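1. just coords:
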């Protein structure tokens, strides 16, 4: 998905609001590591309008991990989902065609080994270190 206003597009958030409901995705006190979707994996793959430097610690948009906290931790991990490291293509609109092809190749390569990846430690330390 494209990163919109430091979050996911509204249609995607609306889908999550309608699907990830109590009784299906979580049931108190079964949340986070004991959430009802604990045997599932999630991977956020998205594009940004800004460069990697803009989303770095100290960059004008702040560390990209800060933006991922509410989406990966607050939604997916809350429901028990194990979260893989995100796949981010920074500013594809502003790079060369060759660089965009490299982004697609990197995504295709990652998909080949995706099931071997270990989930991130979905804790504040991972996001705010």
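-> Now that the structure is in, tell me what you want to look at. Note that this is a predicted model, so its numbers are computed, not measured.
2. show me the contacts for the residue nearest the centre of the chain.
-> In the chain, the centroid-proximal residue (Cα atoms, centre = their mean) is residue 44; its distance is 3.3 Å. Residue 44 sits next to 1, 68, 71-72, 83, 86-87 when contact means Cβ atoms under 8 Å, 6 or more residues apart in numbering. All C-beta spots, glycine's among them, are computed from the backbone N, C-alpha and C.
3. and the nearest residue in space to residue 82 that is not next to it in sequence, what does it touch?
-> Leaving aside its chain neighbours, residue 82 sits nearest to residue 119 (3.9 Å; criterion: Cβ to Cβ, 6 or more residues apart in numbering). By Cβ under 8 Å, 6+ apart, the contact set of residue 119 is 41, 82-84.
4. pick the one among those residues closest to residue 114.
-> residue 84 (7.3 Å; Cβ to Cβ).
5. let me see the ranges of the helices in this protein.
-> Under the criterion DSSP state H, the chain contains helices at 10-19, 64-68, 97-113, 124-128.
6. okay, the ones you listed in TSV with distance to residue 31 and mean pLDDT next?
-> Below are the helices of the chain laid out as TSV (distance: least, Cβ to Cβ, whole Å; pLDDT from 0 to 100):
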stretch	distance to residue 31	mean pLDDT
helix 10-19	15	96
helix 64-68	18	95
helix 97-113	29	97
helix 124-128	16	91
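7. about what we covered before: look at the residue nearest to residue 82 and report its pLDDT.
-> You'll see residue 119 listed with a pLDDT of 97.
8. how close does it sit to residue 8?
-> Distance of residue 119 to residue 8, computed by Cβ to Cβ, to the nearest Å: 19 Å.
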